[in-house]
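Trainee: Take a look and give me a structure for this.
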Amino acid sequence: MSRSVLVTGGNRGIGLAIAQGFAEAGDKVAITSRNGEVPAELAKYDVLAVRADITDAAQVDAAFTEIEAAHGPVEVLVANAGITKDTLLLRMSEEDFTSVLDTNLTGTFRVVKRAAAKMLRARKGRVVLVSSVVGLSGSAGQVNYAASKAGLVGFARSLARELGSRSITVNVVAPGFVDTDMTAVLSEERRQEIVSGVPLGRYAAPAEIASAVRFLASDEAAYITGAVIPVDGGLGMGH
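Mentor: Next comes the predicted model:
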């Protein structure tokens, strides 16, 4: 059956690959982004693109209202939208820290809370949060990003306990280094340094993250909740 799926930050990178995967499977897919445009890669699918800044609760509510009118209540929510503002702690401004937390963690709270109300009523739902290996292992120069991504784990596990009795699962995917625009800006020297620490010896393709997300949203994963699934080539083993 075709489900109503929402992917936040679905206009590029990992979010785009996730949206494309669900669309190819026949689901009714909506994406949010700050520009509200349909990426060229999704043009051949009937994907609904909605403009929404997840740091604004009113915009989040308006986006859900538009999606519900077109596709029905959201049955699968993938909270993927996020930002980075990397720098060492002593150079990090308070705005660098709070803006990353507001988007990556509090923004997730906003979209999940809005989706959960309808899921509770329907007594079913899938929530998948996109965290990062950095949230588990740490990374110099990313205390804000790592804190926001680590926070998603506690958020998801607490929510899994709250919503489990209504057949709503809440899980986390923790990607490692993925070949996206965000990592493309790194120098070749830095890319090789990163790859040297990955047992599989390469970056992930965005589609490999999307496959894990789609599994957690599937019937086959109905008994998995509160889990953190690393998709990192072995980089974060032990965390």
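Trainee: distance of the residue most central in space within the chain from R51?
Mentor: Centroid-nearest residue in the chain, with Cα atoms, centre = their mean: N80, separated by 2.1 Å. Using Cβ to Cβ, to the nearest Å, one gets 16 Å for the distance from N80 to R51. C-beta: built from backbone N, CA, C; applies to glycine.
Trainee: Counting neighbours, which bits of the longest strand along the chain end up buried?
Mentor: Among the segments of the chain that qualify as a strand by DSSP state E, the longest is strand 168-175. Buried residues in strand 168-175, counted by 16 or more other Cβ atoms under 10 Å: I168, T169, V170, N171, V172, V173, A174, P175.
Trainee: Can you spell out which helices and strands pack onto the lengthiest helix in the chain?
Mentor: Longest among the helix segments of the chain by residue count, using DSSP state H, is helix 143-163. Using 3 or more Cβ pairs under 8 Å, 6 or more residues apart in numbering; DSSP states H and E, the elements in contact with helix 143-163 are helix 94-101, helix 107-122, strand 125-130, helix 134-137, strand 168-175.
Trainee: Looking at the shortest one now, give me its mean pLDDT.
Mentor: This points to helix 134-137. Averaging pLDDT along helix 134-137 yields 94.
Trainee: packing partners for it?
Mentor: Partner elements for helix 134-137 (3+ Cβ pairs under 8 Å, 6+ apart): helix 143-163.
Trainee: try the second one
Mentor: Under the contact criterion of 3+ Cβ pairs under 8 Å, 6+ apart, the helices and strands touching helix 107-122 comprise strand 4-8, helix 57-71, strand 76-79, strand 125-130, helix 143-163, strand 168-175.
Trainee: Strand 4-8 and that helix, what's the angle between them?
Mentor: Interaxial angle of helix 107-122 relative to strand 4-8 (axes from the mean of the first three to the mean of the last three Cα atoms, to 10 degrees): 170 degrees.
Trainee: any idea of the angle helix 107-122 forms with strand 168-175?
Mentor: 150 degrees.
Trainee: got it, and the first one?
Mentor: Using the same axes, to 10 degrees, the direction of helix 94-101 lies 130 degrees away from that of strand 168-175.
Trainee: ditto for the third one
Mentor: Our comparison of strand 125-130 with strand 168-175, counting by the same axes, to 10 degrees, yields an angle of 20 degrees.
Trainee: Just give me how far strand 125-130 sits from the chain centre.
Mentor: In this view, strand 125-130 has its centroid 8 Å away from the chain centroid, taken as Cα atoms, centre = their mean, to the nearest Å.
Trainee: Over to stretch 133-147?
Mentor: That offset, for stretch 133-147, works out to 16 Å (Cα atoms, centre = their mean).
Trainee: which of the residues in that stretch are buried?
Mentor: V133, V134, G135, L136, S137, Q142, V143, N144, Y145, A146, A147.
Trainee: which one of those sits closest to D96?
Mentor: For the buried residues of stretch 133-147, the closest approach to D96 (Cβ to Cβ) belongs to N144, at 6.1 Å.
Trainee: ok, the closest one to P175 distance?
Mentor: 18 Å.
Trainee: got a markdown table for the helices and strands packed on helix 107-122, with distance to T108 too?
Mentor: Listed next are those as a markdown table, based on distance: least, Cβ to Cβ, whole Å:
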| stretch | distance to T108 |
| --- | --- |
| strand 4-8 | 8 |
| helix 57-71 | 11 |
| strand 76-79 | 4 |
| strand 125-130 | 6 |
| helix 143-163 | 6 |
| strand 168-175 | 10 |
